[in-house]
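Asks: build me a model:
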Amino acid sequence: MGPTHQALLELQQIDDDISKARAHAGAFEERFREVEAPLRNLENEVDALRARVTDLKQHLAKLEAGAQSKRERQYAYEQRIERTRSMREEAAARAEIDLIRRATEADLAEAREVSQELTRTELRLGELERQAEKLREELAPRREELQQESDAAETELNRLLDRRAIHVEQIDKAALTLYERVRGRRERRALAPMTPEGACGNCFNMLPLQEQTEVRRADSLRRCEACGVILYAQE
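Replies: Numbering: from 1, shown residues only. Next comes the predicted model:
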């Protein structure tokens, strides 16, 4: 095996290790999601209740303002009755007062219902906020442990990337270009041994005798005509 083949084999091993390290580091995102899922669901429920409390408060304020406005209108009609000079005008004013009173009572009745619902919702919100805080504290050690593992995985990945960057500086540029082209984005095997029988160790296609000789000589990089991998003779 020539030095170029040996260097490419070492590069292939480094790249395989990088692929494993990248997959390992990338898996932590899903692990974090799994650990935090119960808390995230609880926090979503808390957010929904907070929004509901805000809506109820706004609705309650609107009802109370409406009731107050109707009281003022009722007072204005009562003042008008005192100044009216005809039975007809007085009857019309009293009819209007009666309508306003009923509308006011309806607003106040609805306001009481909304106020009761607001109280229940705020109590439930307080309970869920306490549960969320407790769960947050319980999950903190596990999240810290996962973060340490994730940091270690990232450190290992960066170490391998640095090692690769140093290693490729020692490889012939043309050989490196061929290796990168064969390996491709799907990270397929770029090199494979030729079997003792003279077949490709990747697809097991038999090589012509002259090609077997060239692979054993290791003067240049020879590729399998069937699958395209770079072949090398095992020691």
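
Asks: can you tell me the helix or strand for residue 5?
Replies: Per DSSP states H and E, residue 5 falls inside helix 3-83.

Asks: please compute how far that helix lies from its chain's middle.
Replies: 13 Å (CA atoms, centre = their mean, to the nearest Å).

Asks: going forward, the N-terminal residue is numbered 85.
Replies: Okay, residue one is now 85; in that scheme the one you just asked about reads as helix 87-167.

Asks: which elements pack onto the host helix or strand of residue 172?
Replies: Assigned by DSSP H and E, residue 172 falls within helix 171-252. If you count contacts as 3 or more CB pairs under 8 Å, 6 or more residues apart in numbering; DSSP states H and E, helix 171-252 packs onto helix 87-167. Any C-beta I mention is one placed from the backbone N, CA and C, and that applies to glycine too.

Asks: you'd agree residue 109 is up against residue 234?
Replies: Yes. Residue 109 lies in contact with residue 234 (CB atoms under 8 Å); the separation is 6.9 Å.

Asks: got the domain boundaries for this protein?
Replies: 111-254, 256-319 (automatic domain parsing).

Asks: for residue 93, find the nearest of these.
Replies: Taking CB to CB, domain 256-319 is the member of the domains of the chain nearest to residue 93, at 5.8 Å.

Asks: ok, back up a step: avg pLDDT for the helix holding residue 89?
Replies: Here helix 87-167 scores 93 as its mean pLDDT.

Asks: and the angle from that helix to helix 171-252?
Replies: 170 degrees (axes from the mean of the first three to the mean of the last three CA atoms, to 10 degrees).

Asks: what packs against helix 87-167?
Replies: On a contact count with 3+ CB pairs under 8 Å, 6+ apart, helix 87-167 meets helix 171-252, helix 257-267, strand 275-278, strand 314-317.

Asks: measure how far the second one is from the centre of its chain, please.
Replies: Averaged C-alpha coordinates place helix 257-267 at 36 Å from its chain's average position (CA atoms, centre = their mean).

Asks: mind listing what's buried in that helix?
Replies: Residues of helix 257-267 classed as buried: 259, 260, 262, 263, 266, 267 (neighbour count, 16 or more other CB atoms under 10 Å).

Asks: tilt between that helix and helix 87-167?
Replies: 60 degrees.

Asks: what's helix 257-267 in contact with?
Replies: Applying CB atoms under 8 Å, 6 or more residues apart in numbering, the external contacts of helix 257-267 come out as 88, 91-92, 95-96, 99, 252, 255, 272-275, 305, 307, 312-314.
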